[in-house]
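Visitor: here are the coordinates; sequence isn't available:
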Ligand code: SF4
Ligand code: SF4
């Protein structure tokens, strides 16, 4: 998608330094230095200014603080349009690769704002392994709990209200779920506050928040100018947008199903399992199918895509979350399908293991991207509304 001014700055211009120094010392992060170098070239060039919100935000600045760069990196939705359009991409000697530079910097922002601080680094390096290992460990803990409970109860068929609690007592389920989810919410909230402050802080206006939620809810920017993003190569497509929508709304529907089930159980005394036409089951089924379809589609795009503008060293974090979401949805749907059979006890333990693993890893994996991107969109709308 070309910009309105097709003329780049002169190619005979001297390239900016690849290593940035401030106050006589090298910046601590190569990702920050590369993002700054690239933004300074882009700010002189501006060929891509109509591509995405990053460029209008960039044009408001003459210099880029670390916080500005973290904000711009999280405003980027990795459409790769600027990579395919860039006159200074390899083999040009400047070797610009804005999508990769921003992807690497985004990972740094996740790690540097994680709470407690050190834990972010673990998922940055090997998200897939850690997520799956955690899922297996948690499943093992749940299975052990069930085994300790009663072998006969575990292998029996259960029906009627309270059938799940006959296998895993409500106190164990609620205690583990509440603790891990509470931890995730607290850690993500503290990380989000740290990111917001580092990128400039300030009040969040209702208008900016509304506009940001609208953009995020529709994954508006993944639609590009109407023809989508460069999902695989230089051709445009809407696959990534559609799969993102399926995954995001699938996750939210599953969350809504859990809330509905909790209200029905503890508000009205109607204990699970519920009928196929009940609110929690309808929401959970639709959400599970959406999650599975979205994550499978994003997996497929990841493996088909041109790797040149990708930060492939960070794929473990991306794929780890996709795998965990997919397996959580799969085991949830399997539990639903076989809940009245003797397999229910094992399926319940395995599903709860994946749910708990998801909660525990939420603040230390790719899921934080949703929060930081929303905050970046809020800042973007606030800036644009103030112009
Ligand atoms: S990505 Fe390349 S073409 Fe686009 S604004 Fe930056 S330097 Fe110019
Ligand atoms: S990859 Fe897409 S969203 Fe990111 S800076 Fe380039 S054009 Fe903008």
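Guide: Arrived safely. Computed from a predicted structure; not experimentally measured. Ligands and ions are numbered 1, 2, ... in the order given.
Visitor: now the strands for the chain?
Guide: 21-22, 25-26 (DSSP state E).
Visitor: remind me which residues of the stretch 1-150 of the chain are low pLDDT?
Guide: Counting by pLDDT under 70, the ranges of the stretch 1-150 of the chain that qualify are 1-28, 120-133, 137, 141, 144-145, 148.
Visitor: interface residues of it facing ligand 2?
Guide: For the stretch 1-150 of the chain, the residues in contact with ligand 2 (CB under 6 Å from any ligand atom) are 48, 51-52, 54, 76-82, 98-99, 102. In short, each C-beta sits where N, CA and C put it, glycine included.
Visitor: So which of these belong to helices?
Guide: 54, 81, 82, 98, 99, 102 (DSSP state H).
Visitor: these two touch, right, the last one and residue 72?
Guide: I take that to be residue 102. Yes: with contact defined as CB atoms under 8 Å, residue 102 reaches residue 72; the gap is 7.2 Å.
Visitor: Which neighbours do those two have in common?
Guide: Listed as contacting both residue 102 and residue 72 by CB atoms under 8 Å, 6 or more residues apart in numbering are 35, 54.
Visitor: residues in contact with the residue nearest to residue 96 when sequence neighbours are not counted?
Guide: Among residues not flanking residue 96 along the chain, residue 88 sits closest, at 4.3 Å (CB to CB, 6 or more residues apart in numbering). Counting by CB under 8 Å, 6+ apart, residue 88 touches 8, 41, 45, 94, 95, 96.
Visitor: Buried subset of the residues you listed, written for ChimeraX?
Guide: Remark: buried members of these, expressed as a ChimeraX selection using 16 or more other CB atoms under 10 Å:
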select :8,41,45,94,96
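Visitor: Now, the contacts of residue 88 that are in helices?
Guide: Among those, DSSP H puts 41, 45 in helices.
Visitor: Save the contacts of residue 88 as a markdown table, and put in distance to ligand 1 too.
Guide: Shown next, in a markdown table, are the contacts of residue 88 (distance: CB to the nearest ligand atom, whole Å):
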| residue | distance to ligand 1 |
| --- | --- |
| 8 | 6 |
| 41 | 5 |
| 45 | 3 |
| 94 | 8 |
| 95 | 11 |
| 96 | 5 |
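Visitor: which among the ones in helices among the residues of the stretch 1-150 of the chain next to ligand 2 are in contact with ligand 1?
Guide: Okay, of those touching ligand 1 (CB under 6 Å from any ligand atom), that's 82, 98.
Visitor: Can you tell me how far the spatially closest residue to residue 142 that is not a sequence neighbour is from residue 343?
Guide: Spatial nearest neighbour of residue 142, chain neighbours left out: residue 349 (4.0 Å); criterion: CB to CB, 6+ apart. With the distance defined as CB to CB, to the nearest Å, residue 349 ends up 11 Å from residue 343.
Visitor: Which one's more surrounded, these two?
Guide: Of the pair residue 349 and residue 343, residue 349 is the one with more neighbours under other CB atoms under 10 Å, namely 25 against 15.
Visitor: what residues are up against that one?
Guide: Taking CB under 8 Å, 6+ apart as the contact definition, residue 349 lies against 139, 142, 143, 145, 146, 167, 168.
Visitor: of all those, which two lie farthest apart?
Guide: Using CB to CB, the contacts of residue 349 reach their maximum pairwise distance at 139 and 167, which is 14.3 Å.
Visitor: and the residue in the stretch 51-200 of the chain that ligand 1 sits nearest to, how many residues sit next to it?
Guide: Going by CB to the nearest ligand atom, ligand 1 is nearest to residue 86 of the stretch 51-200 of the chain, at 3.2 Å. Taking other CB under 10 Å as the neighbour definition, residue 86 ends up with a count of 23.
Visitor: do the same with residue 227
Guide: Residue 227 - counted by other CB under 10 Å - has 11 other residues nearby.
Visitor: Same question for the one 10 residues further on.
Guide: Burial of residue 237, expressed as a neighbour count using other CB under 10 Å, amounts to 16.
Visitor: Mind jotting down where the helices sit in the stretch 1-150 of the chain?
Guide: With helices called from DSSP state H, counting those that start in this stretch, the stretch 1-150 of the chain shows them at 30-45, 54-59, 66-75, 81-85, 98-113, 119-149.
Visitor: Not counting its own residues, what contacts stretch 104-124?
Guide: Contacts for stretch 104-124 (CB under 8 Å, 6+ apart): 29, 31-32, 34-35, 69-70, 73-74, 76, 130-131, 186-187, 190-192, 194-195, 198, 311, 313-314, 317, 320, 361, 363-366, 368-369, 372.
Visitor: now those residues: which count as buried?
Guide: Among those, those that count as buried by neighbour count (16+ other CB under 10 Å) are 29, 31-32, 34-35, 69-70, 73-74, 76, 130-131, 187, 191-192, 194-195, 198, 311, 314, 317, 320, 361, 363-366, 368-369, 372.
Visitor: Of the residues you listed, which ones also sit close to ligand 1?
Guide: Near ligand 1, judged by CB under 6 Å from any ligand atom, there are no entries from these.
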